[in-house]
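after the sequence you'll find the predicted model.
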Amino acid sequence: MLNPAISYTRITRVQDTLVTDTEDALAAEEPLEIRLVHGGQQQSITVTMRTPGQDQELAAGFLFTEGVISSVDDIAEINYADNIATVTLQKNVMPVLQPAQRNFFANSGCGVCGKTEITAIYAPVQVAATTIQCRASLLVKLPGLLRKQQAVFEDTGGLHASALFDNEGNLLIMREDIGRHNAVDKLVGTAMQEKLFPLHNYILLLSGRAGFELIQKAAMAGIKIIAAVGAPSSMAVKMAHEWDITLIGFLRLQRFNIYTGEERITV
């Protein structure tokens, strides 16, 4: 069976003086339109460029991390066909839609595209207390555990990944996408559907850098420990501190930096 996350193309490969015609695997990228049905009306909320797969989870996760819905219980059903995910809300649910959220386009590298005001980029994060801690000796093992599950990345080299671990190092959910924000939305949507919420006692691992939009999405889901293989941004560190999140960067080669919330990491 063909994997919808992978596309194939003919290429000319040049190595030193050797030129060959061969086939190459690419990370698939296609538009997904998310539509919302509520109060007897249907409206398009966003079009995002994503890697096909787990589209219903992506739609649910996006609506939650954007603050449009507050729970998986707000959703009556999600239907998918022809790159359109239609989310029908329960009859008594009214979505929270800011003017800038009502219809926008997001490319695969943008998590806050379509927002026209600075205040619109901030979702209503609820800061909750938690007692979760994680051993440093466990943290350094997580990137290797994630990499073993990144089948599409191994084939294409073109996808970001997000993974949810418990504090014993058990991998619960892993999602890949050409857009790093989509990978987190897919993970959050899956966790919603699997009734894992709240996510206060889990660890989020990001395969690349940690920007503001990823920290906000994780914060909306209640995640308190975020570890990134790459670097965090200044805004990511600022908001992690404000939202009481432990933020770790450069998690690789048996080392890492703790930027905020060091009390949750035991050495």
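Perfect, I can see it now.

what's the mean pLDDT across stretch 202-216?
Mean per-residue pLDDT for stretch 202-216: 97.

so what touches the helix or strand that contains residue 61?
Residue 61 is located in helix 55-65, with elements delineated by DSSP states H and E. Residues from elsewhere that reach helix 55-65 (CB atoms under 8 Å, 6 or more residues apart in numbering): 32, 34, 36, 45-46, 48, 50, 69-72, 75, 78, 80, 85, 87, 95, 123, 175, 177, 182, 184-190, 192-193, 216-217, 220-221. C-beta: built from backbone N, CA, C; applies to glycine.

now do the very next helix or strand once past it against helix 55-65, angle only.
Moving toward the C-terminus from helix 55-65, the next helix or strand (DSSP H and E) is strand 75-81. Here strand 75-81 points in a direction 130 degrees away from that of helix 55-65 (axes from the mean of the first three to the mean of the last three CA atoms, to 10 degrees).

so how far is strand 75-81 off the chain centroid?
How far strand 75-81 lies from its chain's middle: 20 Å, per CA atoms, centre = their mean, to the nearest Å.

whatever helix or strand comes next after it to helix 55-65, inter-axis angle?
Going down the chain from strand 75-81, the next helix or strand is strand 84-89, by DSSP H and E. Angle, strand 84-89 to helix 55-65, by the same axes, to 10 degrees: 50 degrees.

going forward, the N-terminal residue is numbered 893.
Renumbered: residue one is now 893, and that last one reads strand 976-981.

going along the chain, name the helices of the stretch 993-1142 of the chain.
For the stretch 993-1142 of the chain, the helices defined by DSSP state H, counting those that start in this stretch cover 1028-1031, 1034-1041, 1043-1048, 1072-1085, 1104-1112, 1126-1134.
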